[in-house]
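>>> Structure of the sequence below:
(one chain, ligands or ions: 1)
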Amino acid sequence: GGVGIAAIQIAKWLGAEIFATAGSDEKRDFLRLLGVDHVFDSRSLAFADEILAQTQQQGVDVVLNSLAGEAINRNFRVLKPFGRFLELGKRDFYENTKVGLRPFRNNISYFGIDADQLMQVRPELTRSLFAELMALFVEGVLHPLPYHVFAAEDIVDAFRYMQQARQIGKIIVTYRNGISLVHALAPPRQQHLQLAPEATFLVTGGLSGFGLRTAQWLVGLGTRHLVLISRSGAEAVAAQEAVADMQAQGVTVWARACDVTQADALAALLAEMADGLPPLKGIVHAATVIEDGLVRTMDAGQLQRVLAPKVLGAQYLHELTQSLPLAYFILFSSATTLFGNPGQGNYVAANASLEALAQHRRSLGLPATCVRWGAIDDVGFLARNEKLKAALQSRMGGSAIQSAVALDVLASLLLNDRSGLGVMELDWNALARFLPSADSPKFSELARSAGQGDGDDVSADDIQRTLAELSDADLLATLIDMLKSEVGEILRIAPDKIDATRSIYEMGLDSLMGVELVVALESRFGTRLPVMALSQSPTITKLAERIIVQLKGYEDQDLVTEAQTALAQTQQLAAQHGSEESAAFISDLVAETQARPLGGQDRMIP
Ligand SMILES: NC(=O)c1ccc[n+]([C@@H]2O[C@H](COP(=O)([O-])OP(=O)(O)OC[C@H]3O[C@@H](n4cnc5c(N)ncnc54)[C@H](OP(=O)(O)O)[C@@H]3O)[C@@H](O)[C@H]2O)c1
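Okay, the predicted model is just below:
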């Protein structure tokens, strides 16, 4: 194994005579190639006697053990007086295996070794040990371990390979290929999705928004029996009209008030359906509750209300229908699980659970199709909240998609039996500006194909040259132009329409966009800029002046105003997410945040 090979390198460096065991002929040959003096079989306990025989019953000075059970006792037997026993295996620790004290009469020492704990509890020691090791690599004494690489998409093969215990050295799973930009869907056997009329579909959240639109789409595909549920039932006029319209087309529609988080109510409904309708063949789980908020201030209720319909609802649907021969089990998740989304910790977690359930069902051979939808334009939560939709769109860059387009994609996912894919329109560069998770290696292919970094952005070096070459007035004009283009990009306004003396907040910049602007300016100018810089200098001209001061290295802005504006900003952000926090709480939060340097993920937490 990897640890054994590393240990052999160290032992050779120390000039030790090495006795090693391995479990297969191939691995034993490999040990001989490494120059190990004595090689034995770890699958038989005879190795202990053989070692004693080869050492004239003296044994060895150090045993490095990762074998379990009786092999431990054998290893004690081959340890010389004053010898050291280094235990690397974990199994016997957790199984609390009993060890007799007899071997200890020989002045031996026993060391339990857990490198994870070493790193956590003794970071200083870890650092110095690593420094020693790295020096040995530089000197050429130590060499990287042999390894076998699997691409992330071949993860199943990687586990199979490990299961067979065939590897020498380490198994590495890489994201070298990133997540492929285009998932080539194989041509489906059947070209058009056609649903059987003598079957029933259940749609949760099916009396409003995207759930209701999906129900109408099911009718278009041939469904003649629908059960649509929500907690409030068909109370809304729009729901009643839609149901009447479907009934007019000859569809049997049960519109019921049923809370999907109540297992009893759901079971009763399913029983009633079994009596009164054709067999249940498909489920669309679209029920959702959205209650955004700062993770810091999210209370148990807010978490529960958002998690329950997705986590519990999906689980109950899964459990209560396992014995039925379903053809479709469709779960509506969100593209936010791919990248995260500030202010939606509870919603992202709720959706992630749907993806896990879909994988679990598929591993059981049960149907499951989970789709990570991007923003839907014409129906649903975002269509009702235009401002939120605009904010999300500016973050993702692309447009929200029409429900008809989304449902076409759903049809092809069902025909191809694909699950877990994201369906959205996005502009990678816009998204990457806002979400640090975009830097993750798994998105490298997307980033590459979006040409990230190849743009005509002025580099930090160019900025330094500009600073040195231009007069103050020209420098200010240049910076104002750059800022206009950054702000224009975020607000989707042509730069030449932007008035540099007007407050950017009046132009429509909200606090999340403010964070985006700061991230963009930091990467463009290579300088750290507090978010409150925007409140202190809310016009482009003032902001440009501030950046010049900062770039020229004589920043001494007064910190009192900075703290005050931070307070105002945080209050605004909290209010935007619907949480009313006490002034004392917010002032603590601001003090805590200011005590830490802004960096990476931290910026996104608000
Ligand atoms: N709209 C989008 O842009 C978008 C984007 C990505 C993903 N999605 C996903 O698409 C699905 C539909 O979203 P939407 O925008 O159409 O939402 P929506 O308009 O707010 O509809 C949600 C529905 O769920 C029902 N519901 C909530 N809790 C329930 C419960 N415990 N039991 C039964 N029904 C419950 C609600 O009705 P009651 O309040 O009466 O219960 C409502 O009818 C969601 O899963 C969402 O995550 C939507």
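>>> tell me which parts of the protein are close to the ligand?
204-205, 207-211, 229-232, 259-261, 286-289, 309, 313, 332, 334, 373, 375-376, 380-382 (C-beta under 6 Å from any ligand atom). Yep, even glycine has a C-beta here, placed from its N, CA and C like the rest.
>>> Can you list which of those residues are found in strands?
Of the positions in the residues of the chain next to the ligand, 204, 229-230, 332, 334, 373 sit in strands, assigned by DSSP state E.
>>> How about residue 47: what's its closest non-neighbour residue?
Leaving out its chain neighbours, the residue that sits closest to residue 47 by C-beta to C-beta, 6 or more residues apart in numbering is residue 40, at 3.8 Å.
>>> Starting from whichever strand or helix holds that neighbour, tell me which strands it pairs with and how they run.
Element membership for residue 40, per DSSP states H and E: strand 38-41. The pairing partners recorded for strand 38-41 under DSSP bridges are strand 19-22 (parallel).
>>> average pLDDT across the helix or strand that the partner strand is followed by?
Using DSSP H and E, the helix or strand that follows strand 19-22 in sequence is helix 25-33. For helix 25-33, mean pLDDT rounds to 91.
>>> Go through helix 25-33 and flag the buried ones.
27-28, 30-31 (16 or more other C-beta atoms under 10 Å).
>>> In JSON lines, list the residues you listed along with distance to residue 450.
As requested, the buried residues of helix 25-33 are exported to JSON lines (distance: C-beta to C-beta, whole Å):
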{"residue": "27", "distance to residue 450": "45"}
{"residue": "28", "distance to residue 450": "50"}
{"residue": "30", "distance to residue 450": "44"}
{"residue": "31", "distance to residue 450": "48"}
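>>> so which of those residues would you say is closest to the ligand?
Within those, the smallest distance to the ligand is 50.2 Å, found for residue 27 (C-beta to the nearest ligand atom).
>>> Was I right to think the closest one contacts residue 167?
No: the pair residue 27 and residue 167 does not pass the contact test of C-beta atoms under 8 Å, sitting 9.4 Å apart.
>>> Are any of the residues of the chain next to the ligand buried, and if so which?
For these, buried by 16+ other C-beta under 10 Å: 204-205, 207-211, 229-231, 259-261, 286-289, 309, 313, 332, 334, 373, 375-376, 380-382.
>>> pLDDT wise, what is the residue of the stretch 1-150 of the chain found nearest the ligand at?
Proximity of the stretch 1-150 of the chain to the ligand (C-beta to the nearest ligand atom) peaks at residue 150, 32.0 Å away. pLDDT for residue 150: 90.
>>> That one: what's it in contact with?
157-158, 161, 171-174 (C-beta atoms under 8 Å, 6 or more residues apart in numbering).
>>> Inside helices: which ones of those?
157-158, 161 (DSSP state H).
>>> Let me have those residues in a markdown table, adding neighbour count and distance to residue 520 as columns.
As requested, those are arranged in a markdown table below (neighbours: other C-beta atoms under 10 Å; distance: C-beta to C-beta, whole Å):
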| residue | neighbour count | distance to residue 520 |
| --- | --- | --- |
| 157 | 12 | 41 |
| 158 | 18 | 38 |
| 161 | 15 | 44 |
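>>> With respect to residue 474, which of the residues you listed is nearest?
Relative to residue 474, the closest of the ones in helices among the contacts of residue 150 is residue 158; by C-beta to C-beta it sits at 57.5 Å.
>>> Excluding residues flanking it in the chain, which one is nearest that closest one?
Once flanking residues are discounted, residue 158 sits nearest to residue 150: 3.9 Å by C-beta to C-beta, 6+ apart.
>>> so the one you found sits in a strand?
Yes: counting by DSSP: H, G, I helix; E, B strand; the rest coil, residue 150 is part of a strand.
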